[in-house]
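In: 3D, please:
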Amino acid sequence: MRKFFNIFIGILLIFLTSCDSANNTQTLSSVAKLSGFAFAKVDSMPGLAAAVFTVDERLDTGLVWNKDSILYGTKLNHVVPRFSFAATPGAAVLSFPDTTVALTGYDTLDFTKRPIYLTIRSADRSTTKVYEIRPTVHQVDPDLFTWDRLTEAVYPEDDSEQKVVELNNQFIMITSNGFDLEAYSSADGASWTDFGDPIGLPAGTRVRQIISDGYTLYYGQDNKIYTSPDGITWNAHTVSKNVVTMVMYWNKLVWVLTGTENNYKLEIWEDENLRPSGLNPVGEFPVSDFAAVCFKSASERQRAMVIGGFAENGRSLNTRWNFEYSAHPQPNGTYRMEEFSIDRPAFKSLTGVSVVEYDEALMMFGGVDDNMQYFGRDIYISYNEGMSWEKADSTKNSLPEVYQARQKQTAIVRGEYVYLFGGQDAAKTYSDVYRGRLNSINWNK
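Out: Okay, the predicted model is just below:
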């Protein structure tokens with residue numbers, strides 16, 4: 001069959017390039033080489049014309065291929081190929097399993113039939129080159145999230161409170177049962193080591209209020225701020241203010257809530273001292289079980305949002321405190337804050353949620369409302385920087401069935417992955433770990 005095909009191609013090439021050369025004094029090229037390949041634009045196939053193809057010259061059959069750059073779902077059964085040649089060929093023939101086509105430049109062809117070969121014959125008929133055309137379409141949905149459970153339990157089930165932070169490229173999980181503290185570490189979220197009991201923290205430490213800048217951990221209580229380089233050894237620093245809670249690490253600064261109810265101040269811990277930030281909440285500000293997420297806005301400004309939580313009087317909040325930094329005026333720039341829920345009250349009261357920024361959107365996990373009703377396993381998404389939220393499409397982004405609805409989990413983004421650690425429901429505390437990724441995130445790596 002292959003022999004017959006070669007004979008057929010040879011006859012067809014001779015036919016296509018035959019001419020009366022008796023009176024032709026022009027020197028014809030001996031080059032038979034493809035220099036470029038693309039598909040013509042088709043309105044119903046967005047991105048098709050932008051697909052980038054590589055032409056690999058090989059000793060025998062060359063290869064034309066693309067690095068998985070054609071959008072998921074694109075149908076290649078009705079496309080127009082565009083070829084560029086190093087020199088004007090005498091003939092160019094495209095062969096499919098069931099047909100052979102002499103190229104005209106306007107051919108609408110079915111590129112789903114494989115294999116596909118392009119045969120080029122030089123103008124002087126002395127050289128022939130064959131290339132295999134191998135276009136690739138994404139075989140997975142770019143909007144699909146894939147989730148996996150990395151470990152069922154970091155430690156045996158108990159009723160402890162927990163917090164996970166990143167420290168020196170490790171995940172550190174610190175737990176408290178009300179009396180004892182314990183620390184676990186992991187490089188990948190799957191394998192964990194019990195590496196000791198934290199020392200130097202005060203009685204009644206609320207571990208969920210520990211924050212990290214990546215290299216140091218911070219915790220505040222009463223008139224002290226505690227720091228640790230490793231999660232085990234903690235050093236106390238006395239301050240003149242009543243430390244209510246550690247709020248977040250944002251814009252390369254550690255943010256601390258000080259004062260008392262109705263007289264809160266947001267201060268910055270820097271060089272082992274507190275200094276005023278100029279931002280003082282007017283209204284209810286959460287002191288526990290809130291979510292803090294830091295991100296860059298569409299206008300390229302540093303933004304942060306503190307969401308929900310409990311006020312000092314125990315009330316469940318629906319607040320969304322929005323923070324923004326402008327580099328002007330110099331040298332220190334300007335910080336602003338605004339309570340979004342004042343004019344957008346539809347946001348639910350919620351506590352114990354976790355929020356991260358991922359793929360230019362905010363993702364919210366878990367939590368309970370003011371009646372301690374769990375929000376379920378749904379993931380909420382905000383595409384407008386936290387002003388409004390909607391449920392993720394459960395056919396595209398759904399946690400595994402084994403994942404139970406909960407609150408007080410930790411969510412961390414590392415690279416292309418979202419990690420979910422532990423949490424608790426009305427019956428138990430979990431120490432499982434899940435990892436998710438959007439399919440399209442890794443396509444170009």
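In: Which residue, other than its chain neighbours, is closest to residue 336?
Out: Nearest non-adjacent residue to residue 336, counting by CB to CB, 6 or more residues apart in numbering: residue 324, 5.0 Å away. Backbone N, C-alpha and C define where each C-beta goes, glycine included.
In: quick one: contacts for the one you found?
Out: Each residue near residue 324 by CB atoms under 8 Å, 6 or more residues apart in numbering is listed here: 297, 301-303, 335-338.
In: hmm, try it at 10 Å
Out: Counting by CB atoms under 10 Å, 6 or more residues apart in numbering, residue 324 touches 251, 297, 299, 301-305, 334-338, 385.
In: so it bridges to which residues?
Out: residue 303, residue 336 (DSSP bridges).
In: next one: stretch 263-276 to chain centre, how far?
Out: Centroid separation for stretch 263-276 versus its chain: 32 Å, with CA atoms, centre = their mean, to the nearest Å.
In: swap that for stretch 367-382, please
Out: Centroid separation for stretch 367-382 versus its chain: 22 Å, with CA atoms, centre = their mean.
In: how about it: buried residues?
Out: 367-368, 374-375, 377, 379-382 (16 or more other CB atoms under 10 Å).
In: And stretch 116-123, by the same measure?
Out: Those would be 116-123, for stretch 116-123 by 16+ other CB under 10 Å.
In: Show the average pLDDT along it.
Out: The average pLDDT for stretch 116-123 rounds to 96.
In: Narrow the buried residues of stretch 116-123 to those in strands?
Out: Residues of these located in strands (DSSP state E): 117-121.
In: Just give me the closest of those residues to residue 97.
Out: Nearest to residue 97 among those: residue 117, at 10.0 Å, using CB to CB.
In: In contact with the closest one, which residues?
Out: Residues near residue 117 by CB under 10 Å, 6+ apart: 5, 9, 61-62, 93-97, 100, 130-133.
In: give me that answer again for 7 Å
Out: Going by CB atoms under 7 Å, 6 or more residues apart in numbering, residue 117 touches 95, 130-132.
In: and which of those is nearest to residue 39?
Out: Closest approach between the contacts of residue 117 and residue 39, by CB to CB: residue 131, at 15.6 Å.
In: which SSE is that closest one in?
Out: For residue 131, the element it lies in under DSSP states H and E is strand 128-134.
In: what's the average pLDDT for that strand?
Out: Across strand 128-134, the average pLDDT comes to 96.
In: now do stretch 435-444
Out: The average of the pLDDT scores along stretch 435-444 is 76.
In: can you pull out the strands in the stretch 251-400 of the chain?
Out: 253-260, 263-270, 273-279, 291-296, 302-307, 320-326, 334-339, 354-358, 361-365, 380-382, 390-391 (DSSP state E, counting those that start in this stretch).
In: Next SSE downstream of the last one?
Out: Yep, that's strand 390-391 we're talking about. strand 410-414.
In: and the angle for that following strand with strand 291-296?
Out: Per axes from the mean of the first three to the mean of the last three CA atoms, to 10 degrees, the angle that strand 410-414 makes with strand 291-296 is 20 degrees.
In: Give me the buried positions along strand 410-414.
Out: Buried residues in strand 410-414, defined by neighbour count with 16+ other CB under 10 Å: 410-412.
In: do stretch 156-163 as well
Out: By 16+ other CB under 10 Å, the buried positions in stretch 156-163 come out as 160-163.
In: quick one: which of these is nearest residue 52?
Out: Distance ranking of those against residue 52, using CB to CB, places residue 163 first at 44.9 Å.
In: isn't that closest one right up against residue 205?
Out: No. Between residue 163 and residue 205 there is no contact under CB atoms under 7 Å: 10.2 Å.
In: Quick check: what element follows the lowest-mean-pLDDT helix or strand in the chain along the chain?
Out: The weakest-scoring helix or strand in the chain, judged by mean pLDDT, DSSP states H and E, is helix 2-17 (a mean of 42). In the C-terminal direction, the helix or strand that comes right after helix 2-17 (DSSP H and E) is strand 34-39.
In: So what touches the very next helix or strand once past that following strand?
Out: Using DSSP H and E, the helix or strand that follows strand 34-39 towards the C-terminus is strand 53-56. Identification of contacts with strand 53-56 by CB under 7 Å, 6+ apart yields 34-38, 62-66.
In: One more pass at 8 Å, please.
Out: Taking CB under 8 Å, 6+ apart as the rule, strand 53-56 contacts 34-38, 62-67, 131, 135.
In: May I see the residues you listed arranged in JSON lines, with distance to residue 219 and neighbour count as well?
Out: Shown next, in JSON lines, are the contacts of strand 53-56 (distance: CB to CB, whole Å; neighbours: other CB atoms under 10 Å):
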{"residue": "34", "distance to residue 219": "64", "neighbour count": "21"}
{"residue": "35", "distance to residue 219": "63", "neighbour count": "11"}
{"residue": "36", "distance to residue 219": "60", "neighbour count": "13"}
{"residue": "37", "distance to residue 219": "60", "neighbour count": "21"}
{"residue": "38", "distance to residue 219": "58", "neighbour count": "17"}
{"residue": "62", "distance to residue 219": "63", "neighbour count": "19"}
{"residue": "63", "distance to residue 219": "58", "neighbour count": "13"}
{"residue": "64", "distance to residue 219": "59", "neighbour count": "20"}
{"residue": "65", "distance to residue 219": "54", "neighbour count": "15"}
{"residue": "66", "distance to residue 219": "52", "neighbour count": "17"}
{"residue": "67", "distance to residue 219": "47", "neighbour count": "11"}
{"residue": "131", "distance to residue 219": "64", "neighbour count": "23"}
{"residue": "135", "distance to residue 219": "56", "neighbour count": "22"}
